[in-house]
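>>> Curious how this folds, go ahead:
(one chain, ligands or ions: 2)
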Amino acid sequence: MSLVKPVCVGDFEEIAKTVLPRNAWDYYASGAEAMQTLEENKSAFSRIRLRPRVLVDVSRISLETQVLGQCIQSPIGVSPSAMQRMAHNEGERATARACAAMNTCMILSSWSTTCLEDVAEAGRSVRPDTSGKREVPSPVRWFQLYVYKDRDTTLNLIKRAEKAGYGAIVVTVDTPYLGRRLADIRNRFIIPPHLTLANLEAQGQGEKARMDHTVVDKDKASPATPGQSNTSGLAAYVLEQTDASLTWDVVHWLRSVTSLPIIVKGVMTAEDARLAIHHGVDGIMVSNHGGRQLDGALSTIEALPEVVEAVKGAVDVYLDGGVRRGTDVFKALALGAKAVFIGRPVLWALAYKGEEGVKEMLQLLEDEFKLAMALSGCTEVSQISRRHLILPGDSSVSSQLIPAKL
Ligand SMILES: Cc1cc2nc3c(=O)[nH]c(=O)nc-3n(C[C@H](O)[C@H](O)[C@H](O)COP(=O)(O)O)c2cc1C
Ligand SMILES: CC(C)CC(=O)C(=O)O
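Ligands and ions are numbered 1, 2, ... in the order given. Model (predicted):
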């Protein structure tokens, strides 16, 4: 099939919709329930206006930034998304190669369809384009963790991730139960039979790696179990396998079993950000799971300022959810995110053209972001600040924001 070259991230989505099987498209595209939060993640960005500065020499611009103290080429990384081989046969391997080539951070899902060792190996075999640079950095790759009820299963995953060179554990804290994604419920979605949750298969847990043994109708589910009447196979699997009783103690448990930095993914409030710092995390990802969990939750770009304020610079704060344009990246950085991560666009790009597609999409977002910086008068990411924005609540230009002498 000849496909027109995408010129914006939305074009990748249009193409993916035409090439993906319905089951896969529905799983990737869905948000929870009325999908308000899914939409809000995107539309909240467009309610923020930019204040460009002019007559700055923008003939050279650097996008370089650091995450957990490691350099990456741009502040645009890849969020964990499960089951990437539904989009392209090379799935997570292709994403790893693309991220390594672009020298950016990839977070691998616990529920990948390629095992974490193979993903690490795929990324290692690629050298980023470092023309003009002396050092060839090793790619930054983190492992996203779902905590299984069976802690030995979880511990094995962590130990393997350490051994394979993953640089951090990103523990997802917004999924004690799966949100109600209506299309998946209608499709009775489970992982397709030709694929497995490869990390479990690799540790000899073949049955856990498939979902065909999962009981979909939880007639026997306790009445206290939320959201399980008429559900998807995936939701039933999450209920069966993962630990809904997690509390902040999980951070201490993780500390006791690994020396890797710990990032909590799914923090949306100042209160939880303070608790995260209190419990000693190394990073916070502001995320509402791409609107797939609590429908009606605030957009991530609106949640970001209170989290950044609560954290007071103690650790890196990252954001994902609804980032589709370079100007979105700019806005998130201006509000204090150290980097942004993207979810669905990676799946669309995989569906479009595998590794090449992901590279093309990341390159496009980088280019858009670079242009946003140039047209706003910024040459380094550290120059992007709150002064470059007008938020919906700001009266045109607030005097406290802009000191009179400027
Ligand atoms: C198909 C799909 C699968 C996902 N799988 C995971 C996962 O395994 N672990 C996780 O922490 N988040 C998962 N997420 C959430 C993403 O990491 C991320 O928070 C979200 O997609 C960001 O929003 P965006 O898609 O608008 O960029 C998934 C999201 C999608 C769309
Ligand atoms: C298997 C799921 C829990 C993966 C996920 O996080 C999602 O589908 O949003």
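
>>> who touches the residue of the chain found nearest ligand 2 in this structure?
Of all residues in the chain, the one sitting closest to ligand 2 is residue 82 (3.8 Å; CB to the nearest ligand atom). C-beta coordinates here come from the backbone N, C-alpha and C atoms, glycine included. Under the criterion of CB atoms under 8 Å, 6 or more residues apart in numbering, the contact partners of residue 82 comprise 109-113.

>>> Enumerate every residue touching the spatially closest residue to residue 342 that is not a sequence neighbour.
In space, and not counting its chain neighbours, residue 342 is closest to residue 323: 5.2 Å by CB to CB, 6 or more residues apart in numbering. Counting by CB under 8 Å, 6+ apart, residue 323 makes contact with 45, 76, 329, 332, 340-342, 365.

>>> ok, and which of those reach ligand 1?
Intersecting those with the contacts of ligand 1 gives residue 342 (criterion: CB under 6 Å from any ligand atom).

>>> now the contacts of residue 323 as TSV including pLDDT, neighbour count and secondary structure?
Output for the contacts of residue 323, formatted as TSV (pLDDT from 0 to 100; neighbours: other CB atoms under 10 Å; DSSP: H, G, I helix; E, B strand; the rest coil):
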residue	pLDDT	neighbour count	secondary structure
45	98	23	helix
76	98	26	strand
329	99	30	helix
332	99	30	helix
340	99	29	strand
341	98	27	strand
342	98	25	strand
365	98	24	helix
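
>>> Which strand or helix spans the residue nearest to residue 87 when sequence neighbours are not counted?
Excluding its sequence neighbours, the residue lying closest to residue 87 (CB to CB, 6+ apart) is residue 350, at 3.9 Å. Here residue 350 is covered by helix 344-376, with elements defined by DSSP states H and E.

>>> Over to residue 143?
With secondary structure defined by DSSP H and E, residue 143 is part of strand 141-145.

>>> who in the stretch 151-300 of the chain is up against ligand 2?
Applying CB under 6 Å from any ligand atom, we find that the stretch 151-300 of the chain lies next to ligand 2 at 175, 178, 234, 238, 289, 292.

>>> Which members of those are the farthest-apart pair?
234 and 289 (13.3 Å; CB to CB).

>>> just to revisit the earlier point, which of the residues of the stretch 151-300 of the chain next to ligand 2 fall in strands?
Among those, no member falls in strands (DSSP state E).

>>> coming back round to it: so the strand holding residue 143, near ligand 2 or not?
No - contact of strand 141-145 with ligand 2 is not found when judged by CB under 6 Å from any ligand atom; the minimum separation is 8.6 Å.
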